[in-house]
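Visitor: Sequence and predicted structure below; questions after.
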Amino acid sequence: MPHRLTRLSTQNSLAPTKNIHHLPDEVLFIILEFVDVLDVVVLYKVSKLFHRLLHDEWYWRTSYKRRRIPRPPGPFEGQSTTYLREILVRSARVQHNWPPFARSPNPTSRVTLQSAKQNLSIIQGRWLITGDSPLLLCYDTCSSDPDWDTSPQVFYQPHLQANFFRCVSVTAEDGQELIFAVSDTQVGTVRRKLNLFTIEIVPGYGPFISGHVFTLDLQPRYSGVWTVTTGPRLLVISAKGPEQEDPPVIVDVKTFQRFHAVIPPLPRGHLGMFTSFISTSSHLLVARLLNGSETLLQVFPISQTQSEWSTDDVRVLYPSHVMRTPELRFRTWHVLRGPKYETLTAGIRIALMLSVFAPTSVDVASLDIVDLLLDAGGSISFTSEMLWALPRDATVLADSSHDGCIRGLICSRNERQSMPFMIDDQDKNSTGYGLFMSDNNDRLSSRPDPVLFDGYRGVLCSVVVTERRRSFIEVMRFG
């Protein structure tokens, strides 16, 4: 018997050993799809096998495309593996501190700045641009210097008076991240100009204005810039005044060619309360709220086979689809899923997230997912799904991946609360919201006014007024 046991033991020791190293790479990549991003990034330290796998370009490009996490659009051919990995990991860190993973997100860091709140912008969730009309300063909110708020860099000092200045960023169709600054400047009461600058970021230094790419002479009576909307193709600068007097300025983000959207006049007896623009890669959507009772939605194809040019080389766009409905009385809207052609319906489908007024009140609203279908005949049909009721006077701040994911905040000034939320139109289990209240014991949070939110990086900027009426800018990170 002892001899037989010895022989069996010898046979077992000679049997080939099977472990994970013997699995094909294709099988290992399938397994890694079920591993959380934050767990994947530490696996490269486990063995040479995982070190090799997790430096594979194909893996990170595929993972970036398949992961259901709000992050900048991609992957694109020009985006490097390092860029995709860093963006995906950073977005995953924010998501673990955001609904539905965290009911009440907690800031991972917080800094405050005693400064003016005019012309407030934030670049890549790090560099805060703020100041008054003759001088704008740049603050590094990630600086390790305890006196970072006392030693900012001069960012923009116009030789004219800057009535408006704001920095915006966009991911273009080819995946390139573009950063612009829009300014409305004037000399005295006669000469006014609208300017568009490009911004570059130098490692170790920060952002700076690198070029002046567009300028437009304005009438002295110009009402001023109201807001700037960006998309993968167009940048739209809206004015405060009526569209008939101050039409929007529409510019291509790559070529800086100017566009003009032929927006028909409002029906007789109707008053446009405000207009909102959304730019996708192929369409410009223009929505106007009429008398506060119904929405007029017009869709303009950007790439048209027959283009017309005016005498000043402005490309003219005409609406292909029009809809008028009392059911979508919008406040704000974002692209949830970009345009996609459907063979079955021979139409184009676009999913939007809207904050919508209730049918019987302008004080109570809801957050809805609206699915638009643009048919071949020029008509628009839609279905609407309400997600949550909103507080009164709510403001929605959000960023979308354009592939069905949105991360955002619903802010209520009167109720002094913010509701963080995440939407995934393919997985309702990943759609959820939480709640965090302002800290009444914090002297810097007595009257918070959220004004900027970077949903990709989880950065919130608020203007805070203390009981002594001192103003601060508070920057909170949730990554």
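Guide: Yep, that arrived. The model shown is predicted, which means the values in this text are computed figures rather than measured ones.
Visitor: Stretch 431-449 spans what distance, first to last residue?
Guide: End-to-end distance of stretch 431-449 (Cα to Cα, to the nearest Å): 26 Å.
Visitor: my bad, should have said stretch 23-40
Guide: Start-to-end, stretch 23-40 (Cα to Cα) is 18 Å.
Visitor: Tell me the confidence at residue 121?
Guide: Residue 121 is assigned 90 on the pLDDT scale.
Visitor: How many neighbouring residues does it have?
Guide: 24 (other Cβ atoms under 10 Å). (Glycine included, C-beta is placed from N, CA and C.)
Visitor: Could you check how far the closest residue to it other than its chain neighbours is from residue 419?
Guide: Spatial nearest neighbour of residue 121, excluding adjacent residues (Cβ to Cβ, 6 or more residues apart in numbering): residue 167 at 3.8 Å. As judged by Cβ to Cβ, to the nearest Å, residue 167 and residue 419 stand 27 Å apart.
Visitor: more crowded one of the two?
Guide: Set residue 167 next to residue 419 and count neighbours by other Cβ under 10 Å: residue 167 wins out with 27 against 21.
Visitor: got the buried residues for whichever strand or helix holds the more buried one?
Guide: Per DSSP states H and E, residue 167 falls inside strand 161-171. By 16 or more other Cβ atoms under 10 Å, the buried positions in strand 161-171 come out as 162, 163, 164, 165, 166, 167, 168, 169, 170, 171.
Visitor: for the very next helix or strand once past it, what is the average pLDDT?
Guide: Using DSSP H and E, the helix or strand that follows strand 161-171 in sequence is strand 177-187. For strand 177-187, mean pLDDT rounds to 90.
Visitor: need the contact list for the residue nearest to the spatial centre of the chain.
Guide: Closest to where the C-alpha atoms of the chain average out (Cα atoms, centre = their mean) is residue 399, at 2.9 Å. Taking Cβ atoms under 8 Å, 6 or more residues apart in numbering, we find residue 399 in contact with 70, 334, 406, 407, 408, 453, 454, 455, 456.
Visitor: Can you select the buried ones among those residues for me in PyMOL?
Guide: This is the PyMOL syntax for the buried subset of those, where burial follows 16+ other Cβ under 10 Å:
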select buried, resi 70+334+406+407+408+453+454+455+456
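Visitor: Can you pull out the low-pLDDT segments for the stretch 151-300 of the chain?
Guide: The model of the stretch 151-300 of the chain has pLDDT under 70 over residues 189, 267, 269-273.
Visitor: Show me the strands in it, by range?
Guide: Counting by DSSP state E, counting those that start in this stretch, the stretch 151-300 of the chain has strands at residues 153-156, 161-171, 177-187, 191-202, 206-218, 225-230, 234-239, 249-252, 258-261, 272-279, 283-290, 294-301.
Visitor: would TSV of those strands with distance to residue 102 be doable?
Guide: Listed next are the strands of the stretch 151-300 of the chain as TSV, based on distance: least, Cβ to Cβ, whole Å:
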stretch	distance to residue 102
strand 153-156	34
strand 161-171	26
strand 177-187	28
strand 191-202	30
strand 206-218	31
strand 225-230	29
strand 234-239	34
strand 249-252	39
strand 258-261	42
strand 272-279	30
strand 283-290	33
strand 294-301	35
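Visitor: Any idea what residue 324 is bridged to?
Guide: Beta bridges link residue 324 to residue 296, judged by DSSP bridges.
Visitor: likewise residue 199?
Guide: If you apply DSSP bridges, the partners that residue 199 bridges to are residue 209.
Visitor: I'd say residue 90 and residue 479 touch.
Guide: Yes - using Cβ atoms under 8 Å, residue 90 makes contact with residue 479 at a distance of 6.1 Å.
Visitor: The residue lying closest to residue 91 once chain neighbours are set aside sits in which helix or strand?
Guide: Excluding the flanking residues, the one nearest residue 91 by Cβ to Cβ, 6+ apart is residue 71, at 4.0 Å. Secondary structure assigned from DSSP H and E places residue 71 in neither a helix nor a strand.
Visitor: and if you look at the one 5 residues further on?
Guide: Assigned by DSSP H and E, residue 76 belongs to neither a helix nor a strand.
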